[in-house]
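Trainee: Show me the folded form of this:
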Amino acid sequence: MRVAGLVQRLPLRILEDVRQCTYLVTDKIRRTFKLLYAVSQAMPVVTQEWITETLQAGRVLRMRLCGELPGRSHAANPVRPEPVHGWRRAAINPYHLKDRETEKTYDFTLAHSMELARHRRVLAGWSVFAVDVASLGTIKADDYPELVAANGGTVGVMRGKDCGAAHTDGNAVHRTHGRLAKQVLHTEAEVRAALSDRAERVLIIGAEGSREALRRLLEGRPGTRVYTYDFLLSTFLSQELPLNNPAIQVAWQ
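Mentor: Model prediction:
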C-alpha cells in the first residue's frame, strides 16, 4: 500500500512543505532540499515501515532523536539542549532511515549528523557569501540562502559583475513560498570589510565560472579559500565543515 493510503487511516497529514513537518518519510538518502532541511532541524527521517508499524499499533509511534534520553519530550523543532552523555545511538528507534551505500559515498552517517544538528547549528557564527549562485543537482539557486539560514548562518548572495549582495540573517528569515525575501544590499567594499574584520568566520562560495568576480572581490587577499557549492551540500548533510578538503575548493587565483 502506498504511503498516502496508509496515512489516510492515521491521525497524520502528508505535507509538501518540509518546514511544516515533524517527520520526513523516504526510502533513500538524497541531497534534496527536503532532506537537507530535515537534517538541519534534527527532524526524524524515517522509513515507510514506521507508518505501517504505526498503523498496526493504532497510534503514532514516537521517534526518539539522536542523543535524546528515553522519556524526554519531543517537539517538531526542539530547542537544542546540551549534549547528553552516556546514552548511545543503540537506543534509537529502528525506523530511522539507514542507507549505508549512500552514507559511504558521501562519507558520513545520518545518525551522527542528526546528533550534531540536535546539539548545535553547524553554521552558527559564520557568514556565507556566494558568488553567482547556481543550481546544483536537485538544489535550486533559491534554496541555498534558506538552507544556510536553517543551519544558523548569515548569507549574502552576490550576483554578476557588481557583486551586489542580498543579506539574510539566520535568526530573522522572511519567506515567500519557501524563498527568502531579499533584504539589505551590500557593496563589494562592504564584503571586503567583512573579510578584513572576521575572515576566519567568513566562507566564500563560488564556481569556476566566477573567477573574474572572485579575483576582483579578493584582490590583495591571496590564499583566501573559495569553496564550491558541493561544499555547502556536504556541510548540510554531514553537519560538519569540510574546510580542509581541496576537492571542494575553487582555484580562483
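Trainee: what's the burial count for the residue nearest to residue 251 when sequence neighbours are not counted?
Mentor: Using Cβ to Cβ, 6 or more residues apart in numbering and skipping residues adjacent in sequence, the residue nearest residue 251 is residue 208, 8.0 Å away. Bear in mind the C-beta positions are built from the backbone N, C-alpha and C, glycine included. Using other Cβ atoms under 10 Å, residue 208 has 10 other residues around it.
Trainee: isn't residue 208 right next to residue 250, touching?
Mentor: Yes. Using Cβ atoms under 8 Å as the test, residue 208 is close enough to residue 250 to be in contact (6.4 Å).
Trainee: where does the residue nearest to residue 251 land on pLDDT?
Mentor: Per-residue pLDDT puts residue 208 at 80.
Trainee: Ramachandran coordinates for it?
Mentor: Here is the backbone geometry of residue 208 (degrees, to the nearest 10): phi -60, psi -30.
Trainee: Could you check how far it is from residue 214?
Mentor: Remark: distance between residue 208 and residue 214 (Cβ to Cβ, to the nearest Å) = 10 Å.
Trainee: got it, and residue 230?
Mentor: Distance from residue 230 to residue 214, by Cβ to Cβ: 16 Å.
Trainee: Per the annotation, how does the chain divide into domains?
Mentor: 3-119, 127-248 (automatic domain parsing).
Trainee: Just checking, which helix or strand succeeds the strand or helix carrying residue 36 along the chain?
Mentor: Residue 36 belongs to helix 33-40 when assigned by DSSP states H and E. Once the chain leaves helix 33-40, the next helix or strand it forms, by DSSP H and E, is strand 45-46.
Trainee: I'd like the mean pLDDT over that next one, please.
Mentor: Computed over strand 45-46, the average pLDDT equals 92.
Trainee: which residues in the protein form strands?
Mentor: For the chain, the strands defined by DSSP state E occupy 24-25, 45-46, 127-131, 154-159, 164-168, 175-176, 179-180, 185-186, 202-205, 226-227.
Trainee: hey, least reliable of these by pLDDT?
Mentor: Among the strands of the chain, strand 175-176 has the lowest mean pLDDT, at a mean of 33.
Trainee: rewinding a little: list the helices and strands the helix holding residue 36 packs on?
Mentor: Packing partners of helix 33-40 (3 or more Cβ pairs under 8 Å, 6 or more residues apart in numbering; DSSP states H and E): strand 24-25, strand 45-46, helix 110-119, helix 143-150, helix 229-238.
Trainee: so can I have JSON lines of those showing distance to residue 222?
Mentor: Compiled in JSON lines, the helices and strands packed on helix 33-40 are given as follows (distance: least, Cβ to Cβ, whole Å):
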{"stretch": "strand 24-25", "distance to residue 222": "43"}
{"stretch": "strand 45-46", "distance to residue 222": "42"}
{"stretch": "helix 110-119", "distance to residue 222": "33"}
{"stretch": "helix 143-150", "distance to residue 222": "26"}
{"stretch": "helix 229-238", "distance to residue 222": "20"}
